[in-house]
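Engineer: Got a predicted structure plus its sequence, pasted below:
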Amino acid sequence: MRLVFMGTPAFAADCLEAVLKTEHQVIGVYTKPDTPKNRGMKMIPSEVKVLAQAHGLTVYQPATFKDDETYETLKSLAPDLIVVVAYGKILPQRVLDIPRLGCINIHGSVLPALRGSAPVQWAVLNDLPETGVTAMYLSAGMDEGDVIDVRITPIGETETAGELMDRLAILGAELLRDTLDAIATGTATRTPQDPALATYAPMLTKELSPIDWNRPARAILAQIRGLNPWPAATTNLGGTDFKIWEARPWTGEASAAPGVPFALTKQGLAVGCGDGAIMITKLQAPGGKAMAAADYFRGHPILM
């Protein structure tokens, strides 16, 4: 099949790499425009663009699909199928109508659960026991298309969103290869989603970062894992604002009020929660590097 691939981050790059190992022909790659990053605001290409250029593929980076020129360029490629993975742009109906076999998407949840832009992170934030990836046909509605196939995996008790993303990228790449084979042989199925079961995973913001220590310990642990690597859970301890990267349940007695540190061990700093306590094991002070909490507070004593 003649494929157009659309994607942007590393998750999508893993899927593109899997497609390039098949017999299908990638005739064009679409990705978001380069973005300025870091202090120098240097224009940085997406992971998909870097991979595509390394394989000599033609890369397109339109700001929108609303203009006729962009639409006609895509139409002139005459793809049999468009594959979309974490592209970051909504495709209008006339674009969805271009390929004769339709448009498919690999989504980082088991649809209809966690429709939206941050399904992997919200699976962890919501403390779900499992999640997965879904292959689906794209429709005009956000993540509302018919399901082709799914892969399910448990979420580890200490697994961060970043770690889960890496695992789901591998699972998604495998699912994409199988889905392309099914479409090519005419064996792909279509199962409509039940809208009554839909949940949503909105874009992450830094407003999610501050820890509310009145919440249960398990919910705070899920927040820390779900916001790692971005935007990171944050809190103020002893007058200093920290990013909290890792924590674990506190197994000893906990009589401190929510948000109050009460013990420093070789493993980390214990802090009271709404129903017990957690132990912060890795954090980052302003202008510093992420480090073990026990090491940091041995050099920067905190009142308890």
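Structural biologist: Perfect, thanks for sending it. Residues are numbered from 1 along each chain as shown.
Engineer: so what are the domain limits for this structure?
Structural biologist: With domains defined by automatic domain parsing, the chain comprises 2-197, 206-299.
Engineer: could the ones you listed be laid out in CSV, adding mean pLDDT and mean neighbour count?
Structural biologist: No exception for glycine: its C-beta is placed from N, CA and C like everyone else's. Formatted as CSV, the domains of the chain follow (pLDDT from 0 to 100; neighbours: other CB atoms under 10 Å):
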stretch, mean pLDDT, mean neighbour count
domain 2-197, 96, 18
domain 206-299, 96, 18
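Engineer: Can you classify the residue positioned nearest the centre of the chain by secondary structure?
Structural biologist: The residue lying closest to the centre of the chain (CA atoms, centre = their mean) is Val120, at 4.6 Å. Three-state call for Val120 (DSSP: H, G, I helix; E, B strand; the rest coil): helix.
Engineer: contacting residues for Thr73?
Structural biologist: For Thr73, the contact set (CB atoms under 8 Å, 6 or more residues apart in numbering) comprises Tyr60.
Engineer: the longest helix in this protein is where?
Structural biologist: In the chain, taking DSSP state H as the definition, the longest helix is helix 161-185.
Engineer: Just list what the following helix or strand past that one packs against, helices and strands only.
Structural biologist: Once helix 161-185 ends, the next helix or strand along the chain (criterion: DSSP states H and E) is helix 217-226. Counting by 3 or more CB pairs under 8 Å, 6 or more residues apart in numbering; DSSP states H and E, the packing neighbours recorded for helix 217-226 are helix 119-125, strand 233-237, strand 240-249, strand 276-284.
Engineer: right, so of the ones you listed, which gets closest to Gly226?
Structural biologist: With CB to CB, the closest approach to Gly226 among the helices and strands packed on helix 217-226 belongs to helix 119-125: 3.5 Å.
Engineer: Can I get the following helix or strand past the closest one in CSV? Just the C-alpha atoms.
Structural biologist: Per DSSP H and E, the first helix or strand lying C-terminal to helix 119-125 is strand 130-137. Presented in CSV, the C-alpha positions along strand 130-137 are these (Å, rounded to 0.1, in the frame of the first residue of the first chain):
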residue,chain,number,x,y,z
GLU,A,130,-4.1,-1.3,33.1
THR,A,131,-4.2,0.6,29.8
GLY,A,132,-3.1,-0.1,26.2
VAL,A,133,-3.2,1.0,22.6
THR,A,134,-6.0,1.1,20.1
ALA,A,135,-5.9,1.0,16.3
MET,A,136,-8.9,2.9,14.9
TYR,A,137,-10.4,4.5,11.8
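Engineer: Determine the set of other helices and strands touching strand 130-137.
Structural biologist: Applying 3+ CB pairs under 8 Å, 6+ apart, one finds that strand 130-137 contacts strand 103-107, helix 119-125, strand 147-154, helix 161-185.
Engineer: run the last query once more with 7 Å
Structural biologist: strand 103-107, strand 147-154, helix 161-185 (3 or more CB pairs under 7 Å, 6 or more residues apart in numbering; DSSP states H and E).
Engineer: picking up where we left off before, now distance to Leu3 too, for the helices and strands packed on helix 217-226, in JSON lines please.
Structural biologist: Shown next, in JSON lines, are the helices and strands packed on helix 217-226 (distance: least, CB to CB, whole Å):
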{"stretch": "helix 119-125", "distance to Leu3": "24"}
{"stretch": "strand 233-237", "distance to Leu3": "39"}
{"stretch": "strand 240-249", "distance to Leu3": "39"}
{"stretch": "strand 276-284", "distance to Leu3": "42"}
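Engineer: Tell me how far Ala13 lies from Ile211.
Structural biologist: 32 Å (CB to CB, to the nearest Å).
Engineer: Same question for Gly116.
Structural biologist: Noted for Gly116: a distance of 23 Å to Ile211, by CB to CB.
Engineer: nearest residue to Pro195 other than its sequence neighbours?
Structural biologist: For Pro195, ignoring the flanking residues on the chain, the nearest one in space by CB to CB, 6 or more residues apart in numbering is Pro112 at 6.8 Å.
Engineer: Likewise for Val95?
Structural biologist: Using CB to CB, 6+ apart, the nearest residue to Val95 is Phe65, at 5.3 Å.
Engineer: just checking, the one you found touches Pro92?
Structural biologist: Yes: counting by CB atoms under 7 Å, Pro92 is a contact partner of Phe65 at 5.7 Å.
Engineer: Rebuild the helices and strands packed on strand 130-137 as TSV, extending it with distance to Tyr137.
Structural biologist: Converted to TSV, these look like this (distance: least, CB to CB, whole Å):
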stretch	distance to Tyr137
strand 103-107	6
strand 147-154	7
helix 161-185	10
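Engineer: To Pro231, which of these lies closest?
Structural biologist: Per CB to CB, nearest to Pro231 of the helices and strands packed on strand 130-137: helix 161-185, 10.8 Å.
Engineer: distance of Ala63 from Glu174?
Structural biologist: Ala63 is 32 Å from Glu174, by CB to CB.
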